[in-house]
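Visitor: Turn this into a structure:
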Amino acid sequence: MDFALSEEQGELAGLVRKILAERDAPWADLAAAGVLAAALPPAQQGIVPRIVAGVHDAFASSVAELFWLSLAASALALVAIVLVREVPLRGGQRGEAGEAGDLAVA
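Guide: Just a heads-up that it's a prediction; the model follows:
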């Protein structure tokens, strides 16, 4: 058996090495170059773009959901800030100075 790479396989291997050397997360580039689909049987080669699109859709959906949840939390915090009345921590009146020793540094 001859296990040597054909010329086409050698070019494909060179392309994969180049993409892997240049990127931290190369899977989208590999899919765009057709490398991932080339590893699959011909009947299943159309599945790679659908998987990549599904991952992109899931990521976009999760980011949008997180944005709306943080917006709702911010609005709830604003309502709480406006509605909660201020309660003095000490028994004195607001604006009253404490005793002279309260703020002294030892």
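
Visitor: For residue 16, give me the pLDDT.
Guide: With respect to pLDDT, residue 16 has a value of 74.

Visitor: Show me what the helix or strand in which residue 62 is found is packed up against.
Guide: Using DSSP states H and E, residue 62 falls within helix 47-83. Under the contact criterion of 3 or more Cβ pairs under 8 Å, 6 or more residues apart in numbering; DSSP states H and E, helix 47-83 touches helix 27-33, helix 35-38. From N, CA and C alone the C-beta is placed, and that goes for glycine too.

Visitor: do that again at 7 Å, thanks
Guide: helix 27-33 (3 or more Cβ pairs under 7 Å, 6 or more residues apart in numbering; DSSP states H and E).

Visitor: what is the rounded mean pLDDT of the helix it packs on?
Guide: 68.

Visitor: for stretch 43-50, same thing?
Guide: 76.

Visitor: residue ranges with poor pLDDT in the chain?
Guide: Applying pLDDT under 70 to the chain flags residues 1-3, 5, 23-33, 35-37, 39-40, 91-106.

Visitor: how does it look with 90?
Guide: 1-53, 55-56, 85-106 (pLDDT under 90).

Visitor: Any buried residues in the helix holding residue 62, and which?
Guide: 48, 52 (16 or more other Cβ atoms under 10 Å).

Visitor: So what does residue 84 look like in phi/psi?
Guide: phi -80, psi 130 (degrees, to the nearest 10).

Visitor: what about it, how many residues close to it?
Guide: 8 (other Cβ atoms under 10 Å).

Visitor: Quick check: it vs residue 43, distance?
Guide: Per Cβ to Cβ, to the nearest Å, residue 84 is found 63 Å from residue 43.

Visitor: now swap in residue 16 and tell me
Guide: Counting by Cβ to Cβ - residue 16 and residue 43 are separated by 23 Å.

Visitor: Settle it for me: which of those two has more neighbours?
Guide: residue 16 (17 against 7).
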